[in-house]
Every structure is written in C-alpha cells, then in structure tokens.
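Undergrad: Provide a 3D model corresponding to the input given below.
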Amino acid sequence: MKRWLARVGIALGVLLVLLLGYGVLVEPRLVLDEERAEVPIPQLGEELAGTEVGVVSDFQLGMWFANTGMVARAVETLVAAEPDAVLLGGDFLYSTDPSVDTQIDTLLDLLDPLLDSGIPAYAVLGNHDHAVGAAEELTTALEDAGIPVLVNEVAAVPGPVEDPARQLHVVGIGAETAGRADVDAALAGLPEDAPRVVLTHNPTVFDRLPAGSAPLTLAGHTHCGQVTLPGSPRWSYLALTAEERMVADGWAPEGFGAEGNRLFVTCGIGFSLAPVRINAPPQVAFFELQPGG
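TA: Okay, the predicted model is just below:
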C-alpha cells in the first residue's frame, strides 16, 4: 500500500511539474488566441457596415519574466489584419522596475508596427498604470505617438462618413479601480444617436451603462482568470480574490447589464502575480460591426 501511494505521489508530482512548465513556457509564449465575432450596432449606418475593430489589453510590462515576445506577436497580428481601428485596453505597465521611462520606451518599440501602419488606435489606462504612478507619462508618450488616451472621453474614428454624428465613436472610460471611471461624463461627449463602441479596462463598469448606450463594450483586466479549469472561469483564482460581481472571460451572459448592451472581456497578453497561464491563453479579438440589433 505504501509503495502504491508513493507511486501515485510521484506521478502526481510529475504531472504538476509538466502542467506548470506548460503554463509558464508554452501557453503564454507560444499560443495566441484570435477571437472573431460579428456584432450588430443599432446606430451604425450601411456605409459603415463591415467596419472591423481589433482589441488587445494587459501587456503588463515590468512583470517578472514578462511576455514581451507575445506582445510583439499580438501587435503584428493586429496590424496584419488591417482593421479599421485598434483599441488598447490598458495595464500597459506593471511595476517600477525597470524604471517607468524604460518601460514606456519598450512599449513604444513594441507598438512601432501599429504606429507605422496608420491604423487609428485608441487607448484607456488600467489600474496598474495608475498604481505605478505612470498615468501622466504614459498618456503623454502615447498621445505624442498619435494614440489618444481616453479618460471618460469620446473620439470619432476616421472613415467614409463626413457627418460627425454618423461616424463610429470610441467611448473611453477611466480605470474603475483607480477611481477614474465616470460613465455619465464619458457618454456626455457622444453626438445623439452616434454609433459607438465602449472601451474600458475594468469590466465592472459595464452594469452601470444605461440601457442601449453600449451595444459593444470591450474590457480587459481579468486575464480570463489566468489559471482556470476548462469551461468554468468561476474556478479560476479570481473566484478566490474578486470582491465584486465580475465577468472574467469572453461574452457576458445574456441578461447581464442593461437591455441592449453587450460586454466582451478579452484575456489580454501579460501576467499578474505569477508568469503563468493555463487554459487562458493570450488573446487578440476582432469585431466586425454591422447595422441592426
């Protein structure tokens, strides 16, 4: 019996080591999930049918054993797809070591293909960007590079429509956990009945959006649990740490949030706490917008 238990213990130990090796060296560094979906936008005119938006979030530069190679691959994937706009969901940085200036230089280098492509890009900041005291420097660097950083603000996406009220708009909401989210202020900048996509770092903002105001809301922050059991984000580490109702992965269930609003939470690229991802691979997502809904 003791010999059998020892063998079982050794086998489990080997499996655990293999799983950890996969979660550190394989999934987060070699596997890039590409999510694609078609989304109806009630206010969208026929002239903007087929408009494509790409989104990526949570680079987490400065995290130990950071995932810069996958960040570069994600940016290249976005650029190769040639969407009409790219949305960056915040948490660009994670720590102050190396220095914030060094990390911002790294960020701009990684974003070079996007900056050179001419694809319009828009960003919000995340809780870690504020926590490391980098919000002001990040905003200046990104905006100097041509990427507006939206803090409860709206930006119109250039396109074939000249009437500003009919152009696609990006509504950027400030970081919730940094106390910067103001839904009313963000929506106040929208022309009446303008088509829109809402970008927020924290998915917890979603259920405060008024009915019909956010036919597509895109968020990050959760890393899709980072370590999850298949098919059940409730069994991720988030279930042990989250103190508020949160959609951790993909599309929010029907009935969550106000009527007419939809939420998608992207898995992001980087890490928090530990450089591991299991059943929550890095992700870029693309949304083809169509009139209707």
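Undergrad: contacting residues for the residue nearest to Pro42 when sequence neighbours are not counted?
TA: For Pro42, ignoring the flanking residues on the chain, the nearest one in space by CB to CB, 6 or more residues apart in numbering is Gly293 at 4.5 Å. (Glycine included, C-beta is placed from N, CA and C.) Shown in contact with Gly293 (CB atoms under 8 Å, 6 or more residues apart in numbering): 39-42, 215, 260.
Undergrad: Return the members of those residues classed as buried.
TA: 39, 41, 215 (16 or more other CB atoms under 10 Å).
Undergrad: taking the residues you listed one by one, which sit in strands?
TA: In strands, judged by DSSP state E, the following of the buried ones among the contacts of Gly293 are found: 39, 41.
Undergrad: ok, of the buried ones among the contacts of Gly293, which one's closest to Phe271?
TA: Distance ranking of the buried ones among the contacts of Gly293 against Phe271, using CB to CB, places Val39 first at 28.6 Å.
Undergrad: For that closest one, list each beta-bridge partner.
TA: Leu289 (DSSP bridges).
Undergrad: from now on call the first residue 47
TA: Yep, numbering from 47; the last one is Val85 now.
Undergrad: ranges for the helices of the chain?
TA: Applying DSSP state H to the chain gives helices spanning 48-67, 73-76, 114-127, 146-163, 173-177, 181-190, 229-234, 284-287.
Undergrad: Looking at those helices, which one is packed in the most?
TA: helix 173-177 (a mean of 22; mean count of other CB atoms under 10 Å).
Undergrad: Not counting that one itself, show me its contacts.
TA: Taking CB under 8 Å, 6+ apart as the rule, helix 173-177 contacts 106, 136-140, 181, 184, 221-224, 226, 247-248, 267, 318.
Undergrad: follow-up on the earlier one: JSON lines for the helices of the chain, including distance to Val322 and mean pLDDT?
TA: Shown next, in JSON lines, are these (distance: least, CB to CB, whole Å; pLDDT from 0 to 100):
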{"stretch": "helix 48-67", "distance to Val322": "7", "mean pLDDT": "65"}
{"stretch": "helix 73-76", "distance to Val322": "7", "mean pLDDT": "93"}
{"stretch": "helix 114-127", "distance to Val322": "13", "mean pLDDT": "97"}
{"stretch": "helix 146-163", "distance to Val322": "21", "mean pLDDT": "97"}
{"stretch": "helix 173-177", "distance to Val322": "18", "mean pLDDT": "95"}
{"stretch": "helix 181-190", "distance to Val322": "26", "mean pLDDT": "97"}
{"stretch": "helix 229-234", "distance to Val322": "34", "mean pLDDT": "95"}
{"stretch": "helix 284-287", "distance to Val322": "14", "mean pLDDT": "61"}
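Undergrad: Could you export these to CSV, including columns for distance to Val330?
TA: As requested, these are exported to CSV (distance: least, CB to CB, whole Å):
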stretch, distance to Val330
helix 48-67, 25
helix 73-76, 14
helix 114-127, 5
helix 146-163, 12
helix 173-177, 20
helix 181-190, 19
helix 229-234, 24
helix 284-287, 21
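Undergrad: Compare these and give me the one nearest Val200.
TA: helix 229-234 (6.9 Å).
Undergrad: Which residues does the closest one contact?
TA: Here helix 229-234 makes contact (CB under 8 Å, 6+ apart) with 196, 198-200, 217-220, 244, 251, 254-256, 259.
Undergrad: Return the residues in contact with Asp79.
TA: 313, 327-330.
Undergrad: now, among those residues, which is nearest to Thr148?
TA: Pro328 (22.6 Å).
Undergrad: how about low-confidence regions in the protein?
TA: 47-60, 63, 277-291 (pLDDT under 70).
Undergrad: any idea how far Val70 is from Ala320?
TA: 8 Å (CB to CB, to the nearest Å).
Undergrad: can you check Thr142 too?
TA: In terms of CB to CB, Thr142 sits 19 Å off from Ala320.
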